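>>> Please find the sequence and the predicted model below.
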Amino acid sequence: MINTVRILLALILAVFALSGCSNKQAPSQYSNGVGSLGDMGFIPDGDPFDGSLDDTGLQARDEGDGIGNDKYGDFTMVGGVLPSIYFGFDSSSVGPSERSKLQQAAEYLEQNSEHSLLVEGHCDWHGTSEYNLVLGDRRANSIGDYLDTLGITPERIEKLSKGSLEATSGLSRELSSQNRRADLIVLKK
């Protein structure tokens, strides 16, 4: 009797375990179903930005949103002062080779207390636009967190995800490495 109960219980558990393994997430509308990036995206089949903003859920910016013409709100954006930080494929971790660049950025901000920093997170073209916006955000936040550990207050760091909006599509993973970055843009009053 006890052996029968054990066998029956084992069969019931096996049925539940196997039924949970058969569910698959449907691919996104931009997916060809080949290869996944993390748990959130797929390698796209073509360019998801076909000129229609309605398909992506993005909205056009208003004229008075404070971004454009080298302006970010009340600040003037100055690029090229600090080096970009590069990331590995599908990663938001700051690598050891990039940490000296962040030390340089922290020293600059300490010497120029009136300036702030805009961190723009960028991605390569692999993955959906939604996934890349999230990854760009994680990259920008990773830079902000690292600068915080170096003594730069979070109030001086603005973060913006560009995702794959400025990436060159169709490149191999190796050639796309220049798109996997965070740009450090000085903000001056």
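Now that the structure is in, tell me what you want to look at.

>>> C-alpha only now, for contacts and for neighbours.
Fine.

>>> Now for the protein, the helix or strand with the poorest mean pLDDT.
The helix or strand of the chain with the poorest confidence is strand 31-37; it has a mean of 36 (mean pLDDT, DSSP states H and E).

>>> what about the strands in the chain?
Applying DSSP state E to the chain gives strands spanning 31-37, 41-44, 67-68, 71-72, 75-78, 85-86, 116-122, 157-163, 181-188.

>>> Low-confidence ranges, this structure, go.
Applying pLDDT under 70 to the chain flags residues 1, 3-69.

>>> Please repeat the previous calculation with a cut-off of 50.
By pLDDT under 50, the low-scoring segments of the chain are 21-59, 61, 63-65.

>>> Now do the helices in it.
2-21, 53-56, 99-111, 129-149 (DSSP state H).

>>> Any idea how many residues pack against residue 95?
With neighbours defined by other C-alpha atoms under 10 Å, the count for residue 95 comes to 13.

>>> ditto for residue 185
21.

>>> and what of residue 169?
Neighbour tally, residue 169, other C-alpha under 10 Å: 14.

>>> Surely it is in contact with residue 128?
No - judged on C-alpha atoms under 8 Å, residue 169 makes no contact with residue 128 at a distance of 11.9 Å.

>>> now residue 173: how far from residue 153?
Applying C-alpha to C-alpha, to the nearest Å, the value for residue 173 to residue 153 is 35 Å.

>>> One more: residue 164?
With distances taken as C-alpha to C-alpha, residue 164 is found 28 Å from residue 153.

>>> the more surrounded of those two?
Between residue 164 and residue 153, residue 164 has the larger neighbour count (other C-alpha under 10 Å), namely 25 against 13.

>>> doesn't residue 123 make contact with that one?
Yes - Residue 164 is in contact with residue 123 according to C-alpha under 8 Å; the separation is 4.8 Å.

>>> list residues touching both of those two?
Common contacts of residue 164 and residue 123 (C-alpha atoms under 8 Å, 6 or more residues apart in numbering): 132, 133, 179.

>>> Identify the residues contacting the last one.
With contact taken as C-alpha under 8 Å, 6+ apart, residue 179 is in contact with 122, 123, 124, 164, 167, 168.

>>> are any of those buried, and which?
Neighbour-count burial (16 or more other C-alpha atoms under 10 Å) is assigned, among the contacts of residue 179, to 122, 123, 124, 164, 167.

>>> Next, count neighbours for residue 171.
For residue 171, the neighbour count with other C-alpha under 10 Å is 13.

>>> oh sorry, the question was meant for residue 181
Residue 181: 23 neighbours (other C-alpha under 10 Å).
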